[in-house]
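Q: Show me how the following folds:
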Amino acid sequence: MDTTPTIYPAFRLVAQFADGQRLYFDGLTEQQAQQRMEAAQARHGDITWYDGVTDLHYENGRYHAMTPPPPAVNLFDLTEYPDPFHEKED
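A: Presented below is the predicted three-dimensional model:
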């Protein structure tokens, strides 16, 4: 059993190059990953397309643990309570 912890970089991009290679680029920031991707053009030719990785650990290039949770919206059902502004007058 391997007890080595797995470390996931904060950002991961995938790019396809003119020579047909499809490679992944990691970085602590999105700019760092993009700079590494652009530097690979010298070896593989122009980038034909790139995008953020979406898989088990990433969503659109961003490590899923970094994505903030959705905002909480609290709803209160007040239909059974009397309306103080429209009280019935006898």
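
Q: Using the three-state scheme, assign Asp51.
A: strand (DSSP: H, G, I helix; E, B strand; the rest coil).

Q: Which residue is the nearest non-sequential neighbour of it?
A: Leaving aside its sequence neighbours, Asp51 sits nearest to Val14 (CB to CB, 6 or more residues apart in numbering; 6.1 Å). Every residue, glycine included, has its C-beta placed from N, CA and C.

Q: Then Arg62?
A: Phe11 (6.2 Å).

Q: residues touching the closest residue to Trp49 other than its chain neighbours, list them.
A: For Trp49, ignoring the flanking residues on the chain, the nearest one in space by CB to CB, 6+ apart is Gln16 at 5.4 Å. Contact analysis of Gln16 by CB atoms under 8 Å, 6 or more residues apart in numbering lists Arg22, Ile47, Thr48, Trp49, Tyr50.

Q: tell me how far the biggest helix by length in the chain is from the chain's mean position?
A: Ranked by residue count, the top helix of the chain under DSSP state H comes out as helix 30-39. With CA atoms, centre = their mean, to the nearest Å as the basis, helix 30-39 stands 17 Å off its chain's centre.
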